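*Asks:* Fold the following, please.
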Amino acid sequence: MNLLEVNVEKMSQLKALDFESWLLVQKAYRNECWNEPIMECGFNQNSGYVYIALDNGISIASCFGQSVDYIVTDFETGDEYFLDTYNEAIEKLNEL
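*Replies:* Numbering: from 1, shown residues only. Purely as a prediction, here's the structure:
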């Protein structure tokens, strides 16, 4: 999947701050990990996060127009780690 294959209908329903988050997430992806395959893009209505989930297990997310978080999930325990940089997320992923 690439950014052009995102569900346009779903993303067109975003409000102003959600759309700002979507722009921030895209920018982070382009600047930090543009060569990583994308598994899924979306909007979580429960958390308010707009996200890009990468095939390598890292998600890039933002909510309410705030700076992005790089999220790593430990699928054995369900713990989620919110990190400030992509490099920190890679290191955490390697620890798990």
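
*Asks:* Which parts of the protein are strands?
*Replies:* 38-43, 49-54, 58-63, 69-73, 80-83 (DSSP state E).

*Asks:* Just tell me which of those strands ends up closest to Ala28.
*Replies:* Among those, strand 58-63 comes nearest to Ala28, with 5.1 Å by CB to CB. Heads up, the C-betas are built off the backbone N, CA and C, glycines and all.

*Asks:* circling back: how about the strands of the chain in a markdown table, adding mean pLDDT?
*Replies:* Formatted as a markdown table, the strands of the chain follow (pLDDT from 0 to 100):
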| stretch | mean pLDDT |
| --- | --- |
| strand 38-43 | 90 |
| strand 49-54 | 94 |
| strand 58-63 | 96 |
| strand 69-73 | 97 |
| strand 80-83 | 98 |
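
*Asks:* okay, these in a markdown table with distance to Ser21 next?
*Replies:* As requested, these are exported to a markdown table (distance: least, CB to CB, whole Å):
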| stretch | distance to Ser21 |
| --- | --- |
| strand 38-43 | 9 |
| strand 49-54 | 4 |
| strand 58-63 | 4 |
| strand 69-73 | 11 |
| strand 80-83 | 15 |
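
*Asks:* I'd like the ones you listed laid out as JSON lines, including distance to Ala28 and mean neighbour count.
*Replies:* Formatted as JSON lines, these follow (distance: least, CB to CB, whole Å; neighbours: other CB atoms under 10 Å):
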{"stretch": "strand 38-43", "distance to Ala28": "13", "mean neighbour count": "17"}
{"stretch": "strand 49-54", "distance to Ala28": "8", "mean neighbour count": "22"}
{"stretch": "strand 58-63", "distance to Ala28": "5", "mean neighbour count": "23"}
{"stretch": "strand 69-73", "distance to Ala28": "8", "mean neighbour count": "20"}
{"stretch": "strand 80-83", "distance to Ala28": "12", "mean neighbour count": "14"}
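
*Asks:* Many thanks, have a good one.
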